[in-house]
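Chemist: below: sequence and its predicted model.
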Amino acid sequence: MTNNSVATAPTFFAAALLEWYPRHRRDLPWRHTRDPYAIWLSEVILQQTRVKQGLPYYLDFISSYPTVQDLAAAPEDEVLRHWQGLGYYSRARNMHHTAQQVVREYGGQFPTTYAGLLQLRGVGQYTAAAIASFAFDEQVAVLDGNVFRVLARVFGLTQDIAVPASRKVFQQLADTHIPADQPAEFNQAIMEFGAIQCTPAKPDCLFCPLQSQCFAFQHGMVSELPVKSKAKAARTRHFHYLVLRHADTVYMRKRGPKDIWEGLYDFHLQETDTAELSATELLTAVDALGGQLDTSRAEEPTQALRHVLSHQKVEAKFHPVWLREPLPAQALAAAGLSAFSRSQAEELPKPILIANYINKSIR
Ligand code: SF4
């Protein structure tokens with residue numbers, strides 16, 4: 001990061017972006033605030049989420065929890081329920097813990113510097129730079145996917161952006177261009193430019209103010225930059241959900257740590273190496289829970305539903321299992337299951353796959 005606070009003439013790059021931005025920017029609610037809490041909230045929600053998808057979540061969070069104190073005081077289940085559908089649930093849990101940290105250790109006030117913000121749990125370089133510049137006018141350049149792309153193309157950087165060591169090169173370059181007197185505007189401008197002009201596919205080069213100085217455009221390398229090596233192929237996991245029901249009760253459990261969807265609710269799970277769960281395997285699993293099938297109410301399992309996460313694919317099948325009697329309390333405790341009515345199940349925080357199943361198939 002640069003500490004140079006002497007105002008110098010903006011570089012061609014900064015000047016073009018600052019001229020472009022006011023004419024093209026989208027009117028988004030978090031651009032009308034200097035409140036570090038609201039800015040932080042928007043940044044956490046927008047990480048790996050498109051603006052269109054994230055906007056309703058931001059509006060919901062800011063109205064449900066107008067201050068960091070409100071968020072800190074909320075029960076985790078409630079926060080996860082508000083987050084439901086955004087994915088990356090560890091971000092929601094981290095966000096909740098960070099709010100509690102701000103209240104507990106900082107008297108409810110966010111640190112006012114980049115270095116101070118980095119001390120907060122779950123706040124990385126990008127988020128710290130965004131808050132420090134947008135809320136406190138600190139001259140620190142943000143680097144997100146949009147910024148990497150714009151810099152790589154305009155300046156012809158060929159370093160692999162999937163490799164952490166490349167970050168330094170991009171950071172140094174961004175730091176040489178961020179103006180001391182308009183750091184927030186510059187950061188907003190470069191991110192917005194990447195989001196709507198210099199897009200991953202089909203950037204609008206024809207009407208681009210940087211066209212004559214853009215390395216990628218001038219060298220016919222727009223589709224080759226930025227260089228990004230492919231992530232490892234995601235592994236596939238086969239989930240067989242036993243949707244155990246008796247009368248108006250459905251049995252669900254809260255997922256534990258060290259796996260996806262920590263803290264969210266799903267059904268009793270049999271994970272297998274194959275796409276099928278045989279009738280014998282299903283019976284054995286119900287037996288192990290001390291349950292007895294109500295054979296008069298047999299239902300077919302669903303087709304496998306695919307859910308793609310960042311590092312794995314889940315192929316989930318739901319097997320409705322009607323029971324003759326409620327499950328014994330001991331078996332429930334051993335399997336981590338609890339009994340819920342449909343409306344209670346509706347209110348629990350759940351992976352979107354589970355929420356969709358309940359909406360569609362549980363009456
Ligand atoms: S000319 Fe094309 S590739 Fe270069 S900055 Fe403009 S939009 Fe991006």
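Modeler: Perfect, thanks for sending it. Residues are numbered from 1 along each chain as shown.

Chemist: what distance do you get for the residue sitting furthest away from the middle of the chain to Ala92?
Modeler: Distance from the C-alpha centroid of the chain peaks at Ser296, with 43.1 Å (Cα atoms, centre = their mean). The gap separating Ser296 from Ala92 is 41 Å, by Cβ to Cβ, to the nearest Å. For the C-beta atoms, the positions are set from N, CA and C on the backbone; glycine is no exception.

Chemist: ditto for Leu143
Modeler: 23 Å.

Chemist: tell me what the closest residue to His246 other than its chain neighbours is bridged to.
Modeler: Counting by Cβ to Cβ, 6 or more residues apart in numbering, the nearest residue to His246 once its immediate chain neighbours are dropped is Leu323, at 4.3 Å. On the basis of DSSP bridges, Leu323 is bridged to Leu293.

Chemist: ok, Leu323 - contacts?
Modeler: Leu323 makes contact with Leu244, Arg245, His246, Val286, Gly291, Gln292, Leu293, Asp294, according to Cβ atoms under 8 Å, 6 or more residues apart in numbering.

Chemist: same check, this time on Thr67
Modeler: Contacts of Thr67 (Cβ under 8 Å, 6+ apart): Tyr37, Gly108.

Chemist: tell me the phi and psi of it?
Modeler: Main-chain torsions, Thr67, degrees, to the nearest 10: phi -130, psi 160.

Chemist: Ser63: neighbour count?
Modeler: 8 (other Cβ atoms under 10 Å).

Chemist: so it sits in a helix?
Modeler: Yes - counting by DSSP: H, G, I helix; E, B strand; the rest coil, Ser63 is part of a helix.

Chemist: if we can go back for a sec, who has more neighbours out of Leu143 and Ala92?
Modeler: Ala92 (25 against 22).

Chemist: packing partners for the helix or strand encompassing that one?
Modeler: Applying DSSP states H and E as the criterion places Ala92 in helix 89-106. Helix 89-106 sits against helix 36-46, helix 68-73, helix 76-83, with contacts defined as 3 or more Cβ pairs under 8 Å, 6 or more residues apart in numbering; DSSP states H and E.

Chemist: select only the buried ones of the contacts of Leu323 in ChimeraX?
Modeler: To isolate the buried ones among those in ChimeraX, judged by 16 or more other Cβ atoms under 10 Å, type:
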select :244,245,246,286,291
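
Chemist: any chance of JSON lines for the contacts of Leu323, columns pLDDT?
Modeler: Below are these laid out as JSON lines (pLDDT from 0 to 100):
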{"residue": "Leu244", "pLDDT": "95"}
{"residue": "Arg245", "pLDDT": "95"}
{"residue": "His246", "pLDDT": "94"}
{"residue": "Val286", "pLDDT": "90"}
{"residue": "Gly291", "pLDDT": "89"}
{"residue": "Gln292", "pLDDT": "88"}
{"residue": "Leu293", "pLDDT": "85"}
{"residue": "Asp294", "pLDDT": "85"}
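
Chemist: among the contacts of Leu323, which are within reach of the ligand?
Modeler: Among the contacts of Leu323, no residue lies close to the ligand (Cβ under 6 Å from any ligand atom).

Chemist: what residue spans form the domains of the chain?
Modeler: For the chain, automatic domain parsing gives the domain ranges 12-218, 235-361.

Chemist: which of the ones you listed is buried the deepest?
Modeler: Comparing those by mean neighbour count (mean count of other Cβ atoms under 10 Å), domain 12-218 ranks first with a mean of 18.

Chemist: check the separation of the first and last residues in that one.
Modeler: 16 Å (Cα to Cα, to the nearest Å).

Chemist: relative to Leu225, which of the domains of the chain is closest?
Modeler: domain 12-218 (4.5 Å; Cβ to Cβ).

Chemist: so that closest one, near the ligand or not?
Modeler: Yes - Domain 12-218 lies within reach of the ligand by Cβ under 6 Å from any ligand atom, at 153-154, 197-198, 203-205, 208, 210-211, 214, 216-217.

Chemist: out of the residues you listed, which one sits closest to Gly263?
Modeler: Cys198 (37.7 Å).

Chemist: out of everything not next to it in sequence, what's closest to the residue nearest the centre of the chain?
Modeler: By Cα atoms, centre = their mean, the mean C-alpha position of the chain lies nearest to Tyr88, the distance being 4.5 Å. Spatially, and ignoring its direct neighbours in sequence, Tyr88 is nearest to Gln48 (6.3 Å; Cβ to Cβ, 6+ apart).

Chemist: dihedrals phi and psi, that neighbour?
Modeler: Backbone torsions for Gln48, taken as degrees, to the nearest 10, come to phi 60, psi 30.
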